[in-house]
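Undergrad: predicted model, plus sequence, below.
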Amino acid sequence: MEVINKKLNQLKIGQKASALSKPDYEHHLSNQEQEPVPYSQAQIPVKSPLMFDVHLRHKFKIGSLLNEYYCVLMNKLLVFTDGDNDRLLIFNRDGSYNREIELYGTPWYISVINDSDIAVLYNTTKYIIDIISIKTGTLSHSVKARGHIRVISFENGLLFVVTGNMIDVMNITGEPIRSFPVPPSHVLQKPNVKSKTFLPCPTPSSFGWNIANHKNRLFLTNAFNNTLCCCDLFGSVIWIFNDDTMKYPFGITTDGNGNVYLTCNDSSNVIAISSDGKHHKEILNEDDGLRRPSGICYDKLNDRLLVCDEGNGQAFLYDIKHST
């Protein structure tokens, strides 16, 4: 009896230790990196939430090569940054040229505010966000951040501004709401799959190369270690994802279901990741004309995907057909 009790106590202690050592977020590895699944478990069918087809609607030239284009869709207009010429380029949805808006600085990043206004971040004045009317081409107002801005996102009346290693949340007038750090350094470490340990990443605290929102979720990329991080709107990490097909994630957007779409600059493809980070698939690659895809934007009302490519100076507009 004493031997049995001793074994039971050892089992309970081991269970507690396992519970304490479990990370508070999920790390989803590629299929090649995951450990083998038992045969009986592998037979259970799992329905992927990424059940859709991609159909090209239009392809058209927007500018020169090696111009880091970002893009958004606004009503029936497609808007692109043109950093080479300090302007915004506006096209119609059929790919025809509409007009341009001259800017006082080099545009780095853009984000939709509403049906008529767009937020512009500059590469030259990195503390200022301009809110510009697409209809009139005039400045509505400017928002000043407390530090060097990397990228911005807008959701439900709030600006999410990545400044250094912090994310500042503010309203459209620049009034601060709250701040929280980008995911901490232990989340940014790259996994060593064989040893199941974490190795130091050469660029700690680098999430925030790009940012997107969906409801109560915030998505951030790390271009150096090819990862995508999902956290809540207060910075608590929910899951992180990486895969061998995803090299230098550049642009990011989300659809109406919370699925994430990434343009990958070095692997010349577009990857879709499910809202829970457990499923992914490559939806576009070099065979579709991609060279170095940069900006990407999903039109949630019409299920259309806009992709621009700095490697060939082209833009691609796709229809996304979801399975029912």
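TA: Looks like it arrived, so ask away.

Undergrad: burial measure for residue 305, as a count.
TA: Other residues lying near residue 305 total 24 when counted by other C-beta atoms under 10 Å. For every residue, glycine as well, the C-beta is placed using N, CA and C.

Undergrad: try residue 108
TA: Residue 108 - counted by other C-beta under 10 Å - has 20 other residues nearby.

Undergrad: assign it to helix, strand or coil.
TA: Secondary structure, DSSP: H, G, I helix; E, B strand; the rest coil: residue 108 is strand.

Undergrad: quick check: end-to-end length of stretch 98-115?
TA: Start and end residues of stretch 98-115 are separated by 17 Å (C-alpha to C-alpha, to the nearest Å).

Undergrad: how far away is residue 275 from residue 228?
TA: Using C-beta to C-beta, to the nearest Å, we find residue 275 at a distance of 12 Å from residue 228.

Undergrad: which one's more surrounded, these two?
TA: Ranked by neighbour count (other C-beta under 10 Å), residue 275 and residue 228 place residue 228 first, with 26 against 20.

Undergrad: re the thing from before, which residues do residue 275 and residue 228 both contact?
TA: By C-beta atoms under 8 Å, 6 or more residues apart in numbering, residue 275 and residue 228 have these common neighbours: residue 260.

Undergrad: give me the buried positions along stretch 158-172.
TA: Residues of stretch 158-172 classed as buried by neighbour count (16 or more other C-beta atoms under 10 Å): 158-163, 165-170, 172.

Undergrad: pLDDT weak spots in the stretch 201-324 of the chain?
TA: Residue ranges of the stretch 201-324 of the chain with pLDDT under 70: 201-208, 324.

Undergrad: most widely separated two among the buried residues of stretch 158-172?
TA: 165 and 172 (23.9 Å; C-beta to C-beta).

Undergrad: beta partners of the residue nearest to the spatial centre of the chain?
TA: What sits nearest the mean C-alpha location of the chain, by C-alpha atoms, centre = their mean, is residue 252, with 3.1 Å. Counting by DSSP bridges, residue 252 forms beta bridges with residue 262.

Undergrad: contact partners for residue 91?
TA: 60, 62, 77-80, 97-98, 315.

Undergrad: burial measure for residue 250, as a count.
TA: 22.

Undergrad: just the CA coordinates of the host helix or strand of it, formatted as PDB?
TA: Under the criterion DSSP states H and E, the helix or strand holding residue 250 is strand 249-254. Taking Å, rounded to 0.1, in the frame of the first residue of the first chain, the C-alpha atoms of strand 249-254 are listed here in PDB:
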ATOM      1  CA  PRO A 249       5.900  38.700 -44.300                       C
ATOM      2  CA  PHE A 250       5.300  42.200 -45.500                       C
ATOM      3  CA  GLY A 251       1.700  43.200 -45.900                       C
ATOM      4  CA  ILE A 252      -1.200  42.000 -43.700                       C
ATOM      5  CA  THR A 253      -5.000  42.100 -43.900                       C
ATOM      6  CA  THR A 254      -8.000  40.200 -42.500                       C
END
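
Undergrad: perfect, I'm done here.
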